[in-house]
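Visitor: heads up, no residue letters with this:
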């Protein structure tokens, strides 16, 4: 697979700076149309079958988490946080705006990392970002762990939940933002807040998604 010579220029050229609908304190480089950007990315890289450009949209779970963080800044004030599967970096940026000491954003997509760093600069905050699949490794040293919209695929859910369990075993709280994805572990969630979140209708089944923020609870039993 070839590389786009200047990913940041590509992101800027294919997106527009807009406020996040449900967290207007944050601005992001956002795309208007998913399929056009998806096709253009595949053409630029010369590879078909790439994953969707998650980094170019403010997904419902991330918007809910960002809103919750901005409304309850004491949650993050002075703490180190991790924005897992960060996409655009929305949640991590909200945490930094809310007074977090530091944020480490992680995603497997190199474009997500570039978009996250660009979006952080746009909002006047600094965070670290890493392209990696961390689910097979040891838990990160962090005070608070955020994950939004990660329970849409069974294989991913199995990997992520095992990693989150190890994260909680070391005493780190895990907060989840989710609009009811297919594999959301509903029996292991403590509800913290619920919102009506505007989303891109072409990517979802509706233009408004009822989306909640939860605390993930440790698994019980054998």
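Guide: Perfect, thanks for sending it. Bear in mind that the values here come from a model prediction, so they are computed numbers and not experimental data. Numbers count the residues shown, from 1 in each chain.
Visitor: check the gap between the residue nearest to the spatial centre of the chain and residue 22 for me.
Guide: By CA atoms, centre = their mean, the chain has its centre lying nearest to residue 86, at 3.4 Å. Residue 86 is 17 Å from residue 22, where distance means CB to CB, to the nearest Å. The way it works is simple: take the backbone N, C-alpha and C, and place the C-beta from them, glycine included.
Visitor: picking up where we left off before, which of the three states applies to the residue nearest to the centre of the chain?
Guide: At residue 86, secondary structure determined by DSSP: H, G, I helix; E, B strand; the rest coil is coil.
Visitor: is it true that it touches residue 92?
Guide: Yes - distance between residue 86 and residue 92: 5.9 Å, which falls inside the contact criterion (CB atoms under 8 Å).
Visitor: mutual contacts of those two, please.
Guide: Common neighbours of residue 86 and residue 92 (criterion: CB atoms under 8 Å, 6 or more residues apart in numbering): 105, 116.
Visitor: not counting sequence-adjacent ones, nearest residue to the residue nearest to the centre of the chain?
Guide: residue 105 (3.9 Å; CB to CB, 6 or more residues apart in numbering).
Visitor: if I look at the one you found, how far off is residue 13?
Guide: 22 Å.
Visitor: distance of the residue nearest to residue 86 relative to residue 169?
Guide: 23 Å.
Visitor: what about those two, which has more around it?
Guide: Higher neighbour count among residue 105 and residue 169: residue 105, with 30 against 10, using other CB atoms under 10 Å.
Visitor: and the more buried one, which of the three is it?
Guide: Criterion first, three-state DSSP; result for residue 105: strand.
Visitor: contact partners for it?
Guide: By CB under 8 Å, 6+ apart, the neighbours of residue 105 are 82, 83, 86, 89, 92, 113, 116, 127, 128, 129, 130.
Visitor: surely residue 91 meets residue 66?
Guide: Yes - under the criterion of CB under 8 Å, residue 91 is in contact with residue 66, at a separation of 5.5 Å.
Visitor: which residues touch residue 193?
Guide: 64, 67, 68, 71, 212, 213.
Visitor: mind listing what the first one touches?
Guide: With CB under 8 Å, 6+ apart as the criterion, the residues that contact residue 64 are 22, 148, 177, 178, 179, 193, 195, 197, 211, 212, 213.
Visitor: you'd agree the fifth one is up against residue 61?
Guide: Yes - at 6.2 Å, residue 179 counts as touching residue 61 under the criterion of CB under 8 Å.
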